[in-house]
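*Asks:* Please find the sequence and the predicted model below.
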Amino acid sequence: MKPIDAEVRRFVNTDARAPGILWRLRYLLLASGFLLCMINLACQRQPASKREPPMESVRELERYIKAREAEEARLPQPPDTLRSKESPLQLLYARLRFLRERAYPNDRVDWSIYMRALAHRYEMQPANLDRYKDWFLPDFPFWQFVGPNNFETPAGPVTGRVNAVVYDPADDNTFYIGAAIGGVWKTTDRGKNWVPLSNAWPFEAISSIAIDPKNSKILYVGTGDFHGSDKQSFGLMKSTDGGATWTNLGRAEFGETSVSKIVIDPENSDVIVLTCGRGRQGYGQVWRSTDAGKTWKAVITDFAEWAEVAVSHIRVYGDRWYYAVGWTGSEGKVYRSADRGATWTALKTPLSPGEQFGLSIATSPQYEDNVYLLAGKDHKVFYSYDAGNTWGDATADSRHMMQEPWQWDRVWYDWYIRCSTAHQVPGSRPADVLYVGLKGLFQSTSLKSWKHVENGHVDQHDLAIDPREPEQMLIGNDGGVYLVEHEGGVLSLQSLNARLGITQFYKGAFSASDPNVMLGGTQDNGTAVAEGRFNRWKFVNVGDGGSSAISPTNNNVQFTTAAIGAYGVYRTDDRWSTSKNITPPNVPRPPRRGQIEEIPKLTALTMDPNGSGLLWWATNYLYVWNDNSQKWFPLNLSTWNAESRSWDPLHLRGAITTIAVAPRNSFWFYTGSADGTVLMSEFLGADVKIINFRATTVLPHRSVTSISVNPVNQDNILVGLGGSDTGDIGHVWRCDNTTNDAWRNWVDISGSGANRLPDIIVHAIARDPNDPGNVFFVGTDLGVFYTDDGGANWYDVTLPFGLPSVPVYDLVAAGSYLYAVTWGRGIWRAKIGP
């Protein structure tokens, strides 16, 4: 549009008496309008796979997913070695669940609540845990890390998603990694052992890390999860002592956005340029500091999803090129700077017109004008030998695995391009070596052909070249971090994940009789099953794990589900030496119409704690497995609809998100749904009541995330709620008389004042078995909180007691322990009984 605008200004400034000027002006305006309409129409007609997913709106993401599902059915399927039995849509399903829980009944999450909730948490008093002092050592934290350690898979140990990897330029043995939701970690023995550096930070989402090339003790860490569209960002963190202490920078300027990439000028370490995007308030900008991060100026003021900045090899006269890439819903952006990032010029590129995403840029470590551009949406790699003035296509030959459609099916999540150099042959110039990370990892030494490189796990997020050995590298992906070494002309891959505790768990199950027996479903790494005393964990299933259960009468009998893609329930009676799929036949899927919810991607699974052998599994329907007869029977539940004066099937009430069985009555259960419905039955489904609004006081209309039944009074329950921007509405409610239709009463027990529970989603509720009527713990997006007076006052039991500030998706009191299942730092536990 800029040429048209310039032309209009030239016409307007021309003598008004010039013949035809009005006609020419009208023509240009009409032409520009027509062009915009055609571009918008073309964008709308593009297949969903050519559009970046709308990751903030529930309704828009639902429509996008349906379009992608239709496309996926027509796409070639990847080989088993890469498919991992997971749908390429699994991340979108998980994102949709994430949004629904936090937004319902609204369309979008109010992200501002996170900073308000964080500020409130700092005002809260730490808990007085003297009641537990007899069961944990005073010199040790209340919370202890359990695992996984040595989480073995056929491809070696895995852990969790790694977004950033970097070598210490001064020490061969020292690496740093940034986990998606697990913080910054450091190793000084090449990955044998790892130390967390960010346990005291308010959030542990990391996008990028940079080390000062002149002083490797100085580190900069970009917060937020740019690849995962997480909003837990708070600017830049800087350390001058190798990660021992930290200072927060740039929070006022760009703290609302994820810091996707950081570059420190090789000649002047005071000059820092970084890119931002995918923030709580939308797009970001490109920022520059000339005083080592003390102050900042936006040097590219265009708002976009700025993904990367790169700096070239030094030029003849001592300068360097800087490049930055980003995108919006209408165009891709590639900029260049000739003055170390002070001013910028937009480059013309071969990117297709309209929306772009998945852009990455890399420069040659040896040739000052060589620059390479990954265009994710276009499925292309472009190269330029004249600093971006002209471009060629390095992916014109489609006869290689990198050009398979499934490699590019989520380049809004897994994408990068990096450049290294080959060993120099005497008498010749060494070639640039390109690495492209998609679902897999690919290498090219000629720009004509590409080969697959072993990478340990699917979904690539970062790659760092060893500054001393250009054919060795660190790889960060959904499995963790891997080291590639070059010995005797052969590349070897080594997992560095055995002692890196950054696993992202959905749910967990724990034995009440043996504290060493546990399992849980993880993001993209199946189900983790503890063996022995946590020194090794077994890998069960593939893709995303889900909910799990352990028989209260036989620890060898365990169950797990697949969270995303392949729905199902799996059973073992020998702790997963063998197993079988026991999914009910012909699991019904409701039709897609009106408000009928589709089957949830993370299904609820609950074992009867009374030892009857009954197992509840929920989709939109509720099934019960009798482990004694080895048979399923569906509960065809229905509730009376007073408006239509008819019986509504349960599946019309929305996806079931949680199930709770009364500890003293195997037939008495409660369910909570994504649409806020709470049902109860006293006779195994023979009588079903809606109890959330048929009461003297009404439960708030929010997604129901958790239900806890009082073990000494099955008529008394606690309910955890999702939602955001709830105002004075709390997230934990109690009902003392669920069976009393006439006088059923809901009470907000989220507290008040400084000791009120933060206004944040509650994922799980656990009661202290020694005082179940008054002492509760809740797991939230900000960690764990505790009350010892029935909810009148709440206290923080996260950072003050040794638990990192990460989301806690599940809390389970089993035996003498309380287990915290975290989204980013594995499983932790605290001793709360003898």
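*Replies:* Received, thanks. Numbers count the residues shown, from 1 in each chain.

*Asks:* Next, the buried residues of the longest strand seen in the chain.
*Replies:* Taking DSSP state E as the criterion, the chain has its longest strand at strand 297-311. Buried residues in strand 297-311, counting neighbours by 16 or more other C-beta atoms under 10 Å, are found at 299-300, 302-311. C-betas here are computed from N, CA, C, even on glycine.

*Asks:* do stretch 391-401 as well
*Replies:* 391, 394-395, 400-401.

*Asks:* Check stretch 729-742 too.
*Replies:* Those would be 730-735, 737-738, for stretch 729-742 by 16+ other C-beta under 10 Å.

*Asks:* possible to save the buried residues of stretch 391-401 as a markdown table with secondary structure and distance to Tyr114?
*Replies:* Output for those, formatted as a markdown table (DSSP: H, G, I helix; E, B strand; the rest coil; distance: C-beta to C-beta, whole Å):
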| residue | secondary structure | distance to Tyr114 |
| --- | --- | --- |
| Trp391 | coil | 41 |
| Ala394 | coil | 41 |
| Thr395 | coil | 40 |
| His400 | coil | 43 |
| Met401 | helix | 40 |
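
*Asks:* Between these, which sits nearest Gln125?
*Replies:* Nearest to Gln125, judged by C-beta to C-beta, of those is Met401 at 56.9 Å.

*Asks:* Check which helix or strand Ala94 maps to.
*Replies:* Here Ala94 sits within helix 90-103, counting by DSSP states H and E.

*Asks:* which one is the residue nearest in space to the middle of the chain nearest to, not counting chain neighbours?
*Replies:* Against the mean C-alpha coordinate of the chain, by C-alpha atoms, centre = their mean, the closest residue is Gly228 at 4.7 Å. Spatial nearest neighbour of Gly228, chain neighbours left out: Ala180 (5.5 Å); criterion: C-beta to C-beta, 6 or more residues apart in numbering.

*Asks:* distance of that neighbour from Arg825?
*Replies:* Note on Ala180: its distance to Arg825, by C-beta to C-beta, to the nearest Å, is 11 Å.

*Asks:* what residues do these two have in common as contacts?
*Replies:* Ile502 (C-beta atoms under 8 Å, 6 or more residues apart in numbering).

*Asks:* Just list whatever residues bridge to Leu374.
*Replies:* Following DSSP bridges, Leu374 is listed with bridge partners Ser360, Val381.

*Asks:* Got the domain ranges for the protein?
*Replies:* Structural domains annotated on the chain: 2-102, 158-495, 505-559+585-831, as defined by automatic domain parsing.

*Asks:* can you redo these as CSV with distance to Arg108?
*Replies:* What follows is the domains of the chain, written out as CSV (distance: least, C-beta to C-beta, whole Å):
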stretch, distance to Arg108
domain 2-102, 6
domain 158-495, 11
domain 505-559+585-831, 9
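
*Asks:* Need those in CSV (columns: mean pLDDT).
*Replies:* Formatted as CSV, these follow (pLDDT from 0 to 100):
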stretch, mean pLDDT
domain 2-102, 61
domain 158-495, 94
domain 505-559+585-831, 89
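
*Asks:* Out of these, the one nearest Ser577 is which?
*Replies:* Closest among the domains of the chain, using C-beta to C-beta: domain 505-559+585-831, at 9.2 Å.

*Asks:* Start and end of the closest one, how far apart?
*Replies:* 21 Å (C-alpha to C-alpha, to the nearest Å).

*Asks:* same deal with stretch 739-755?
*Replies:* Termini of stretch 739-755 sit 31 Å apart (C-alpha to C-alpha).

*Asks:* Give me the buried positions along that stretch.
*Replies:* Result for stretch 739-755 [16+ other C-beta under 10 Å]: buried residues 744, 746, 748-751, 755.

*Asks:* hang on, the earlier thing: what strands flank the longest strand of the chain, and is each parallel or antiparallel?
*Replies:* Using DSSP bridges, the strands paired with strand 297-311 are strand 284-289 (antiparallel), strand 322-327 (antiparallel).

*Asks:* gap between the two ends of stretch 365-381?
*Replies:* 18 Å.

*Asks:* Run the chain-centre distance for stretch 110-124.
*Replies:* Its chain's average C-alpha position is 20 Å from that of stretch 110-124, according to C-alpha atoms, centre = their mean, to the nearest Å.

*Asks:* Need the residues that contact that stretch.
*Replies:* Contact with stretch 110-124 is made by 202-203, 231-232, 280-281, 724-725, 754-756, 758-760, 781-783, 785, 794-796, 798, as judged by C-beta under 8 Å, 6+ apart.

*Asks:* Counting neighbours, what do you get for Glu72?
*Replies:* 18 (other C-beta atoms under 10 Å).

*Asks:* let me redo that: Glu331
*Replies:* Per other C-beta under 10 Å, the neighbour tally for Glu331 reads 18.

*Asks:* Let me see the contact set for it.
*Replies:* Neighbouring residues of Glu331 by C-beta under 8 Å, 6+ apart: 353-356.

*Asks:* now do 10 Å
*Replies:* Applying C-beta atoms under 10 Å, 6 or more residues apart in numbering to Glu331 gives the contacts 1, 39, 302, 304, 346, 351-356.

*Asks:* how much space between Gly332 and Val569?
*Replies:* With C-beta to C-beta as the criterion, Gly332 and Val569 are 44 Å apart.

*Asks:* cool, Asn455 as well?
*Replies:* With distances taken as C-beta to C-beta, Asn455 is found 31 Å from Val569.

*Asks:* likewise Ile761?
*Replies:* Applying C-beta to C-beta, the value for Ile761 to Val569 is 26 Å.

*Asks:* same deal with Ala210?
*Replies:* As judged by C-beta to C-beta, Ala210 and Val569 stand 46 Å apart.

*Asks:* out of these two, which sits in the busier spot?
*Replies:* Neighbours per residue (other C-beta under 10 Å) separate Ala210 from Val569, with Val569 holding more: 24 against 21.

*Asks:* Next one, pLDDT for the more buried one please.
*Replies:* Looking at Val569, its pLDDT stands at 93.

*Asks:* Adding distance to Asn554 and secondary structure, write the buried residues of stretch 739-755 out as CSV.
*Replies:* Putting these into CSV (distance: C-beta to C-beta, whole Å; DSSP: H, G, I helix; E, B strand; the rest coil) gives the following:
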residue, distance to Asn554, secondary structure
Arg744, 38, coil
Trp746, 38, strand
Asp748, 40, strand
Ile749, 36, coil
Ser750, 39, coil
Gly751, 40, coil
Asn755, 42, helix
